[in-house]
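J.: Build me a structure from this.
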Amino acid sequence: IATAISLSIASASALAQQTIQVAYIDPLSGGGASIGEHGLKHFRYIADQLNTAGGVLGRKFEIVAFDGKTNPQESIVQAQKAIDRGIRIITQGNGSSVAAALSEFVAKHNARNPGKEVIYLNYAAVDPSLTNDKCNWSHFRWDADSDTKMAALTNFMKARPGVKKVYLINQDYSFGHAVRAQAVAMLKEKRPDVQIVGNELHPLLKINDFAPYIAKIKASGADSVITGNWGQDIALLLKAAADAGLKVDWYTYYAGGAGGPTAIKQTGLADRVFAVVEGHANVPHPPSQAIEADFRPRTGQAVWYPRAFNQMYMLSEAIKAAGAVDAKKIAQKLEGMRITTHNGGVGYMRTDNHQFIQDMFIASFGPLPAGAKYDEEGTGWGWKTLGKVEGKDTELATTCKMSRPY
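T.: Sure thing, here's the model as predicted:
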């Protein structure tokens, strides 16, 4: 048996040398499965694109899926399995608690295993600490952090006189805590007249019926809700709001996730659900529109993650520039790299904390505006841009103190 296991590991390691394997560690079961599966479709689609174009260094990309179950300990187990197979590139996005655990695990692995370093590419976990006090050279992030998103949302809210009473509802873990803290601080600074009438936390991906929470929001007299909820937690929250006939404005990070658009349509709140995003299907940029047209029939879903495209394109360029699939060399090439982003802006990777900087949009969901092509989830409604923040204006100060092996 031991010989068979050794041969299996050796075979997997040999395959890792033939292709450029990327370990995708995200929820493929449990409450986060729908969003994890869709992320996997993104990465496999992009890998196919890159491979059709010839791959890099004469090798093709392969996305290898591991079920992290939105659990930090399980995700570390899966990361070790990937490393044992010879995989040196890891990507993950759903759950900042998972991201923090993976970032620390990879940093420790790299310190203990010189010559076998691993790089961790974060496409969606936005706890600000990951590029501040918990930063390390092997972690890179392509989504804007929570503070940046909240700054954009509250700048938008600042100019909306109808915002008078705000209810905060967020998931009870590091990301949700960051959302609520910055919402309170930034509203106090920009709109001191606004009253926060509720500040609620709930378990992550464990609530099946948000009716009791919606009843509290209704009773509070809120005219607006701020939430960083993602996955089933935003879809079910909006569904409960629709069922209860709650008529408020929603300021969100991830209302476009699986089931979100359908739930918004059920509320009947045309152009009253807002999201801060790095792009959407109706941004008038021909290359991204062409990808949208191809992606939807191939996957049965819309492009939710423009940042996944940005990440994989930059990874390909960094490997090409490094001339090898070597974590340290890839990291060095990623620092300061600039690209044209999926939706047509200019993006760049900060050298000081490994945070990708890109244009951000405030979008609303409702009947398709003139010239827009794409609805979501067959609702007949889609996203439209209300405002845009230039990437250079989203840079925040960092407390990152990073040491590098290169």
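
J.: can I get the CA coordinates of stretch 213-221 in PDB?
T.: Taking Å, rounded to 0.1, in the frame of the first residue of the first chain, the C-alpha atoms of stretch 213-221 are listed here in PDB:
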ATOM      1  CA  TYR A 213     -33.800  39.700  10.600                       C
ATOM      2  CA  ILE A 214     -35.900  41.400   8.000                       C
ATOM      3  CA  ALA A 215     -38.600  42.000  10.700                       C
ATOM      4  CA  LYS A 216     -36.000  43.800  12.800                       C
ATOM      5  CA  ILE A 217     -35.000  46.000   9.800                       C
ATOM      6  CA  LYS A 218     -38.700  46.800   9.100                       C
ATOM      7  CA  ALA A 219     -39.300  47.700  12.700                       C
ATOM      8  CA  SER A 220     -36.300  49.900  12.900                       C
ATOM      9  CA  GLY A 221     -37.700  52.400  10.300                       C
END
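
J.: Relative to the whole chain's centre, how far out is that stretch?
T.: Taking C-alpha atoms, centre = their mean, to the nearest Å, one finds the center of stretch 213-221 at 29 Å from the center of the full chain.

J.: Check stretch 45-60 too.
T.: Offset of stretch 45-60 from its chain centre (C-alpha atoms, centre = their mean): 23 Å.

J.: give me phi/psi at the residue lying closest to Thr398 once chain neighbours are set aside?
T.: Once flanking residues are discounted, Thr398 sits nearest to Asn353: 4.3 Å by C-beta to C-beta, 6 or more residues apart in numbering. The way it works is simple: take the backbone N, C-alpha and C, and place the C-beta from them, glycine included. Backbone torsions of Asn353, given as degrees, to the nearest 10, read phi -140, psi 0.

J.: Now do the same contact list for Asn353.
T.: By C-beta atoms under 8 Å, 6 or more residues apart in numbering, the residues touching Asn353 are 131-132, 135, 398, 400, 402.

J.: ok, Ile357 touching Glu395?
T.: Yes - using C-beta atoms under 8 Å, Ile357 is in contact with Glu395, at 5.9 Å.

J.: more neighbours, those two?
T.: Neighbours were counted for Ile357 and for Glu395 using other C-beta atoms under 10 Å; Ile357 has more, 21 against 14.

J.: Nearest spatial neighbour of that one, chain-adjacent residues omitted?
T.: Gly391 is the one closest to Ile357 (C-beta to C-beta, 6+ apart), at 4.6 Å.

J.: if I read this right, the one you found contacts Gln355, doesn't it?
T.: No - applying C-beta under 8 Å, one finds Gly391 not in contact with Gln355, separated by 11.0 Å.

J.: one step back: from the contacts of Asn353, which single one is nearest Trp142?
T.: Checking the contacts of Asn353 against Trp142 with C-beta to C-beta, the nearest one is Thr131 at 11.1 Å.

J.: Please name the residues that touch that closest one.
T.: The neighbours of Thr131, taking C-beta under 8 Å, 6+ apart as the test, are 139, 141, 145, 350, 353-355, 398, 400.

J.: rerun that using 7 Å as the cut-off
T.: 141, 145, 353-355, 398, 400 (C-beta atoms under 7 Å, 6 or more residues apart in numbering).

J.: what does Trp383 give?
T.: Trp383 neighbours (C-beta under 7 Å, 6+ apart): 256, 280-282, 363, 365.

J.: Can I get the one helix or strand it maps to as PDB, trimmed to CA atoms?
T.: Using DSSP states H and E, Trp383 maps to strand 381-389. Output of strand 381-389 as PDB, limited to C-alpha atoms (Å, rounded to 0.1, in the frame of the first residue of the first chain):
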ATOM      1  CA  TRP A 381     -33.100  43.100 -15.400                       C
ATOM      2  CA  GLY A 382     -29.400  43.900 -15.400                       C
ATOM      3  CA  TRP A 383     -26.600  46.100 -14.100                       C
ATOM      4  CA  LYS A 384     -25.800  49.600 -15.100                       C
ATOM      5  CA  THR A 385     -23.100  52.000 -14.100                       C
ATOM      6  CA  LEU A 386     -24.000  55.000 -11.900                       C
ATOM      7  CA  GLY A 387     -20.500  56.100 -10.900                       C
ATOM      8  CA  LYS A 388     -16.900  55.200 -11.400                       C
ATOM      9  CA  VAL A 389     -13.800  55.700  -9.100                       C
END
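
J.: Many thanks, I have nothing further to ask.
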